[in-house]
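Chemist: Here's a sequence, model it:
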Amino acid sequence: MLEEVLIRNRDIKKCYNRIVKQYKKQGQNPPKSTIVNDAISTKAPSYYLTFDYARRLLSQYRRKQLPQKYRRLRHDMIKEIARKVDRLMLQNPLLSESDALTMVLTSGNASRFFISESSARRLINH
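Modeler: You can find the predicted model right below:
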């Protein structure tokens, strides 16, 4: 899991820097919070989860037992993963949930970086 976090941190920093360059190219200098929010709202190349952890989260989600301590973004991420898994299984009824989850995780394409503005700001400033 640590490796996934390191990759996510690297990817969000790259995204942030790309957005800064885009704003500079346009002659704009928005507040840092705007750039951070733009970065975390950008499509992410991955969900940054191990298969085992994602499977456990999906199982808890299906049983409506996701821990309450999880922030909204964690809930949103697992809901998105569950929707994609369900869509794949509908398209191919012979596909197991594990295989569908593997396909979702390997294809990446998360709708956003599932990280809070404050966490993103901390790692960008680091």
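
Chemist: Just give the nearest non-adjacent residue to Pro30, would you?
Modeler: Of all residues not flanking Pro30 in the chain, Tyr23 sits nearest, at 5.9 Å (Cβ to Cβ, 6 or more residues apart in numbering). Backbone N, C-alpha and C define where each C-beta goes, glycine included.

Chemist: Just the C-alphas of the helix or strand where Leu58 lies, formatted as CSV.
Modeler: Element membership of Leu58 [criterion: DSSP states H and E] is helix 51-62. Extracted in CSV, the C-alpha atoms of helix 51-62 (Å, rounded to 0.1, in the frame of the first residue of the first chain):
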residue,chain,number,x,y,z
PHE,A,51,-6.2,-5.5,-5.0
ASP,A,52,-6.7,-7.0,-1.5
TYR,A,53,-7.5,-3.7,0.0
ALA,A,54,-9.9,-2.8,-2.8
ARG,A,55,-11.6,-6.2,-2.5
ARG,A,56,-12.0,-5.7,1.3
LEU,A,57,-13.5,-2.2,0.7
LEU,A,58,-15.8,-3.5,-2.0
SER,A,59,-17.0,-6.3,0.3
GLN,A,60,-17.6,-3.9,3.2
TYR,A,61,-19.5,-1.5,0.8
ARG,A,62,-21.7,-4.3,-0.5
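
Chemist: what's it in contact with?
Modeler: Contacting residues not belonging to helix 51-62 are listed as 1, 47, 49, 66-67, 74, 78-79, 81-82, 85, 97-98, 101-102, 105 [Cβ atoms under 8 Å, 6 or more residues apart in numbering].
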